Each structure stands twice: as C-alpha cells, then as structure tokens.
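*Asks:* Need a 3D model of the following:
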Amino acid sequence: MALDFNTHDTVAPSEEAPNSGAPELSSDDILAPTCMFWAMVIGLAILGGTVILWILENVSKIGS
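*Replies:* From the prediction side, this is the model:
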C-alpha cells in the first residue's frame, strides 16, 4: 500500500524555517540518559556491596 500525498500540501524549501543543524532537546531527552546512568551506578554499587558482605560473612566456609 503506497502512501499518497498531495504535492500542494508541501512547503517549498525557500519557505522553510532556517535550521541551525542542532536538534532541539527537551528536558526529558537531557535527563533520561543521566538518570539511567546513575541508576546503573547505584544498582552496581548495591550488588557489589552485597557480594562483598556475603564474602566477608562466609570467609571461613569458602576457605575450607
């Protein structure tokens, strides 16, 4: 199924707004990667801390 469009509805290149080349970013675009990064850092810190505590509590069992 082909897309049908009306050529009269298009905008001529001379009528387009000038584009600086930089994409417009919303606050969600800026915050989301940062939030995900810190969530991963905190999750890895909790996991690492849990592993270290388990190792410290079970050193005697691991060595024998």
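*Asks:* Where do the helices of this structure begin and end?
*Replies:* For the chain, helices defined by DSSP state H occupy the ranges 27-57, 59-63.
*Asks:* burial of residue 44, as a residue count?
*Replies:* 10 (other C-beta atoms under 10 Å). In this view, the C-beta of every residue, glycine as well, is placed from N, C-alpha and C.
*Asks:* no wait, residue 58
*Replies:* Look at residue 58: counted by other C-beta under 10 Å, it has 10 neighbours.
*Asks:* Repeat that for residue 28.
*Replies:* Using other C-beta under 10 Å, residue 28 is surrounded by 8 other residues.
*Asks:* again with the one 10 residues further on
*Replies:* Here the number of neighbours of residue 38 (other C-beta under 10 Å) works out to 10.
*Asks:* What separation is there between it and residue 27?
*Replies:* Separation of residue 38 from residue 27 (C-beta to C-beta, to the nearest Å): 16 Å.
*Asks:* quick one on the thing from earlier: got the helices of the chain as JSON lines, with mean pLDDT columns?
*Replies:* Below are the helices of the chain laid out as JSON lines (pLDDT from 0 to 100):
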{"stretch": "helix 27-57", "mean pLDDT": "89"}
{"stretch": "helix 59-63", "mean pLDDT": "80"}
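*Asks:* Kindly compare burial across these and name the winner.
*Replies:* helix 27-57 (a mean of 10; mean count of other C-beta atoms under 10 Å).
*Asks:* Can you tell me which helices and strands it packs against?
*Replies:* Contact here means 3 or more C-beta pairs under 8 Å, 6 or more residues apart in numbering; DSSP states H and E; on that basis helix 27-57 packs against no helix or strand.
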